[in-house]
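Student: Kindly generate the corresponding structure for this input.
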Amino acid sequence: MKPPPYVLSQGVLATIGNALLHAFAIGIGTSHEANKSQHEARPRVPSVKQRSKAQCPSEGHAKTIVKGRWGMCEFTGKCANIIQSWNPVVLGLLDSLPYDEEVMVWGRRWIVKTSTLGERHGYGVYACEDIIVEDSARCRREGPTLFPYGGPIYKRRHWNWILTQHPEWKTFALEMDTFAGSTRRHNDVKVIDGDPIRSGNIVGFINNTVGTHPKRRANCEWVFVEGPPLAPYGQTYHEDHCLVIATRTIRSGDELFTHYEWS
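Tutor: All right, here's what the predicted structure looks like:
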């Protein structure tokens, strides 16, 4: 009788198969460990977008310090890039505005001293000569031009960014769409910053009659004008501007007053 054929058990077959598979994998270098080590060792090449981003300076590191009515104001990020340098001489204004002394602005004499409204309102602008306004000119809003509302001009969205870092700047700024003559759409409106300390701007000292007791009569107003100021006062980046216009006769010694509501 022939002996029965030798049959390998399942455990022996599994052991032999694993050994062969391991040996084969080492021979061709495709083991899981080998793949993992090669993947980790391979240097990563940055994409074109990543390289360009690394070469550009970060806006978050930008910083600008500007002197304002409330001291030194620091702006960072996008705001630092928005803040513009401003030369008040371009509009016939003064680099620094002396108090209690006559100054010449746009061919007329003025003096800046304590306002008749009291200490709460600070300084005011007073005429040093008579400025006559005819009745017909008053009706047509064609009174004499006193001087420009000069200062840095910002787009509305840029101005909003500035206010996020220094909300107090709104106190001495005008939104150019709120005054007579503006044809701009709301989204295209620009804001003029009129803080006298930052721009040598005499117009920033004109007080508003709103809420005053006793009630003062306004004798001038802001008027929007499309296009740059007349030469030699304009610059290429002045797309439009505001002027201060007399609305009734102003006598020597009178303080200038406007009347406007904040929206």
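Student: Flag the helix or strand of this protein with the lowest per-element mean pLDDT.
Tutor: In the chain, no helix or strand scores lower on mean pLDDT, DSSP states H and E than helix 48-55, which sits at a mean of 41.
Student: pLDDT on the helix or strand just after that helix, on average?
Tutor: Later in the chain than helix 48-55, the nearest helix or strand by DSSP states H and E is strand 63-68. Mean pLDDT, computed over strand 63-68, is 84.
Student: Same question for stretch 249-263.
Tutor: On average, stretch 249-263 scores 86.
Student: try stretch 202-217
Tutor: Mean predicted lDDT for stretch 202-217 stands at 86.
Student: Stretch 168-181 now?
Tutor: 75.
Student: Which residue, other than its chain neighbours, is closest to Tyr206?
Tutor: Residue 206: Ile, not Tyr. Of all residues not flanking Ile206 in the chain, Leu256 sits nearest, at 4.7 Å (C-beta to C-beta, 6 or more residues apart in numbering). Yep, even glycine has a C-beta here, placed from its N, CA and C like the rest.
Student: The one you found contacts Arg217, doesn't it?
Tutor: No - taking contacts as C-beta atoms under 8 Å, Leu256 lies outside contact range of Arg217: 11.3 Å.
Student: Compare those two and say which is more crowded by neighbours.
Tutor: More crowded of Leu256 and Arg217, by other C-beta atoms under 10 Å: Leu256, with 23 against 9.
Student: quick one: that one from Gly204, how far?
Tutor: 12 Å (C-beta to C-beta, to the nearest Å).
Student: His241 now?
Tutor: Separation of His241 from Gly204 (C-beta to C-beta): 15 Å.
Student: mind listing the strands for the stretch 151-263 of the chain?
Tutor: For the stretch 151-263 of the chain, the strands defined by DSSP state E, counting those that start in this stretch cover 153-155, 173-175, 190-193, 207-208, 220-226, 240-246, 257-258.
Student: possible to save those as TSV with distance to Ile132 and mean neighbour count?
Tutor: Shown next, in TSV, are the strands of the stretch 151-263 of the chain (distance: least, C-beta to C-beta, whole Å; neighbours: other C-beta atoms under 10 Å):
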stretch	distance to Ile132	mean neighbour count
strand 153-155	32	18
strand 173-175	26	19
strand 190-193	28	23
strand 207-208	22	18
strand 220-226	14	19
strand 240-246	9	21
strand 257-258	18	20
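Student: Of these, which shows the lowest average pLDDT?
Tutor: strand 173-175 (a mean of 81).
Student: Check which strands are paired with it and give the direction for each one.
Tutor: strand 190-193 (antiparallel) (DSSP bridges).
Student: quick one: buried residues of stretch 81-100?
Tutor: Of the residues in stretch 81-100, Ile82, Ile83, Trp86, Pro88, Leu91, Gly92, Leu93, Leu94, Leu97 count as buried by neighbour count, 16 or more other C-beta atoms under 10 Å.
Student: just those residues now: which is nearest Gly151?
Tutor: When these are compared for distance to Gly151 (C-beta to C-beta), Trp86 wins out at 6.6 Å.
Student: Before we move on, what's the pLDDT of that closest one?
Tutor: As predicted, Trp86 sits at a pLDDT of 73.
Student: roughly how far apart are it and Ser199?
Tutor: 5 Å.
Student: Any chance you could list residues touching both of the two?
Tutor: Gly151, Pro152 (C-beta atoms under 8 Å, 6 or more residues apart in numbering).
Student: circling back to that earlier point, could you list which of the buried residues of stretch 81-100 belong to helices?
Tutor: Those of the buried residues of stretch 81-100 mapping onto helices are Ile82, per DSSP state H.
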